[in-house]
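1. this is a predicted model, with the sequence first.
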Amino acid sequence: MKDLTEQILQDVITTRPQESFKGTFGKVLLVGGNHQFGGAIIMAATAAVNAGAGLVTVACDLVNRTALHARLPEAMVIDFSNQAALLEMLNGVDTIVVGPGLGEEEQSLAVLKTVFANTKPTQTVVIDGSAITLMATHQLAAPAGHLVFTPHQMEWQRLSGIPIKDQAEALNQAAQEKLGGTVVLKRHHTEIYTANGTFRLPIGSAAQAVGGMGDTLAGMVGGFCAQFKEAGNQAVLAAVYAHSAIADQIAKDQYIVLPTQIATALPSFMKKVEQGPATHHIGFLGGELRC
Ligand SMILES: NC(=O)C1=CN([C@@H]2O[C@H](COP(=O)(O)OP(=O)(O)OC[C@H]3O[C@@H](n4cnc5c(N)ncnc54)[C@H](O)[C@@H]3O)[C@@H](O)[C@H]2O)[C@@H](O)CC1
Ligand SMILES: Nc1ncnc2c1ncn2[C@@H]1O[C@H](COP(=O)(O)OP(=O)(O)O)[C@@H](O)[C@H]1O
Ligand SMILES: [Mg+2]
């Protein structure tokens, strides 16, 4: 298992081409946020927008629409129960993030089945939270696409069948190969299982043990995959690294880190990475972040 380093940020977060428009940086659809867990999809969508996705749409329970728009007017909203609208959106985006706050009710399952039946091999599909649990409980086949699973240890136990205490590298790697996607196994020192090797996140802390931290990561992964398409899996690794690098910086002054603070800090963090090794030298991870 190889430790990730700051270098992954430099490799992935490059200067934007000036000859561009919002479409250049990817369209993301986030599906989740039932009547109970609206906050989860709001956090994920905020992270996707702040990570630089060109155009972001949320498919959720419409009870969350006003709250979402009040927090994030950059995002568009559709009703996740409106089959026609959901199909149209699924057809038109580059990246789909499904699961944050989706819930495990009948309606949640119906929405997930629609998503899984209508993704395309060219799309990136980030499968998080309730979507992983539903997939495991209802034995749903994986959808088409470049798949990125982002389970915490219990979700990974449900999906892979490997009890938390037995989640070691060899077993996890075998389960990842069977699943066929990238697996971001979230824990203290998150592990990322890919077709091209296994990586360990050497940073991050218990200050991140706050509800919504994983929802924020899922949105960041979606945003990075949409924007840095050519980077492929490297974009996933960079999102995982940036998420905890920002958290570590905030945790210097705070006992806990709010997930929303990570999203707020993202644009200035990414600018510092873009400015490169000079800033890097004096420690861009130690510099000031706006959050
Ligand atoms: N503000 C919101 O709307 C929030 C909504 N959330 C959503 O709530 C849904 C359920 O997700 P949860 O993860 O809360 O519930 P889950 O039931 O999927 O997982 C929590 C259970 O797993 C156990 N567990 C064992 N190891 C764990 C680990 N390393 N990390 C986390 N749990 C571990 C816990 O003890 C607990 O029993 C998801 O859709 C999620 O996106 C949560 O993200 C919390 C915040
Ligand atoms: N003790 C810890 N050390 C480092 N990272 C942690 C710790 N606790 C939680 N995290 C991180 O916080 C996130 C939690 O994800 P998840 O459980 O899915 O949260 P939620 O579903 O509430 O948004 C993961 O990225 C995980 O690595
Ligand atoms: Mg989660």
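-> Received, thanks. Values in this document were obtained by computation on a predicted structure and should not be read as measured data. Numbering: from 1, shown residues only. Ligands and ions are numbered 1, 2, ... in the order given.
2. which single residue in the stretch 101-250 of the chain comes nearest to ligand 2?
-> Using Cβ to the nearest ligand atom, the closest approach of the stretch 101-250 of the chain to ligand 2 is made by G214 at 2.1 Å. For the C-beta atoms, the positions are set from N, CA and C on the backbone; glycine is no exception.
3. which strand residues bridge the closest residue in space to I192 that isn't next to it in sequence?
-> Closest residue in space to I192, ignoring its immediate chain neighbours: F199 at 4.5 Å, by Cβ to Cβ, 6 or more residues apart in numbering. Counting by DSSP bridges, F199 forms beta bridges with K2, I192.
4. which residues touch F199?
-> Taking Cβ atoms under 8 Å, 6 or more residues apart in numbering, we find F199 in contact with 1-4, 191-192, 237.
5. do the same with G222
-> With contacts defined as Cβ under 8 Å, 6+ apart, the neighbours of G222 are 28, 30, 44, 48, 51, 53, 95-97, 124, 126.
6. then A141?
-> Listed by Cβ under 8 Å, 6+ apart, the contact partners of A141 are F116.
7. could you look up the SS state of it?
-> Using DSSP: H, G, I helix; E, B strand; the rest coil, the structure places A141 in coil.
8. with V28 instead?
-> On the three-state scheme (three-state DSSP), V28 is labelled strand.
9. ditto for V56
-> Judged by three-state DSSP, the three-state class of V56 is strand.
10. from what I can see F116 touches P143, true?
-> Yes - with contact defined as Cβ atoms under 8 Å, F116 counts as touching P143 (4.0 Å).
11. the stretch 101-250 of the chain: helices as residue ranges?
-> Secondary structure of the stretch 101-250 of the chain by DSSP state H, counting those that start in this stretch: the helices cover 106-117, 129-137, 153-160, 169-179, 213-227, 233-251.
12. could you give the average pLDDT over the last one?
-> The average pLDDT for helix 233-251 rounds to 98.
13. hmm, that helix touching ligand 3?
-> No - Helix 233-251 lies out of reach of ligand 3 by Cβ under 5 Å from the ion, never closer than 12.6 Å.
14. off-centre distance for that helix?
-> Distance of helix 233-251 from its chain centroid, counting by Cα atoms, centre = their mean, to the nearest Å, is 11 Å.
15. and the one residue in the stretch 151-291 of the chain that gets nearest to ligand 3, what is it in contact with?
-> Going by Cβ to the ion, ligand 3 is nearest to G214 of the stretch 151-291 of the chain, at 3.2 Å. When contacts are counted by Cβ under 8 Å, 6+ apart, G214 touches 100, 128-129, 150, 152, 186.
16. now that we have these, which one has the most neighbours?
-> P100 (34 neighbours; other Cβ atoms under 10 Å).
17. looking at this, that one is in a strand?
-> No - counting by three-state DSSP, P100 falls outside a strand, being coil.
18. that one reaches I127, doesn't it?
-> No - look at P100 against I127 with Cβ under 8 Å: they stay out of range, at 10.5 Å.
19. around ligand 3, which positions in the stretch 151-291 of the chain sit nearby?
-> Proximity of the stretch 151-291 of the chain to ligand 3 (Cβ under 5 Å from the ion) is limited to residues G214.
20. where does pLDDT dip in the stretch 151-291 of the chain?
-> For the stretch 151-291 of the chain, the stretches flagged by pLDDT under 70 are 278-291.
21. give me the buried positions along stretch 193-204.
-> For stretch 193-204, burial by neighbour count (16 or more other Cβ atoms under 10 Å) applies to 193-194, 198-199, 201, 203-204.
22. please see if that stretch touches ligand 1.
-> No - legend: contact between stretch 193-204 and ligand 1 by Cβ under 6 Å from any ligand atom is lacking; minimum distance shown is 12.6 Å.
23. got it, and stretch 166-179?
-> No - remark: stretch 166-179 sits outside contact range of ligand 1, by Cβ under 6 Å from any ligand atom, the gap being at least 9.8 Å.
24. mind checking how far S108 is from D61?
-> 10 Å (Cβ to Cβ, to the nearest Å).
25. over to L217?
-> Separation of L217 from D61 (Cβ to Cβ) stands at 22 Å.
26. which of those two has more neighbours?
-> L217 (28 against 23).
27. identify the residues contacting the nearest residue to that one once chain neighbours are set aside.
-> In this structure, L217 finds its nearest non-sequential neighbour in H243, 5.0 Å apart by Cβ to Cβ, 6+ apart. Taking Cβ under 8 Å, 6+ apart, we find H243 in contact with 204, 216-217, 220, 262.
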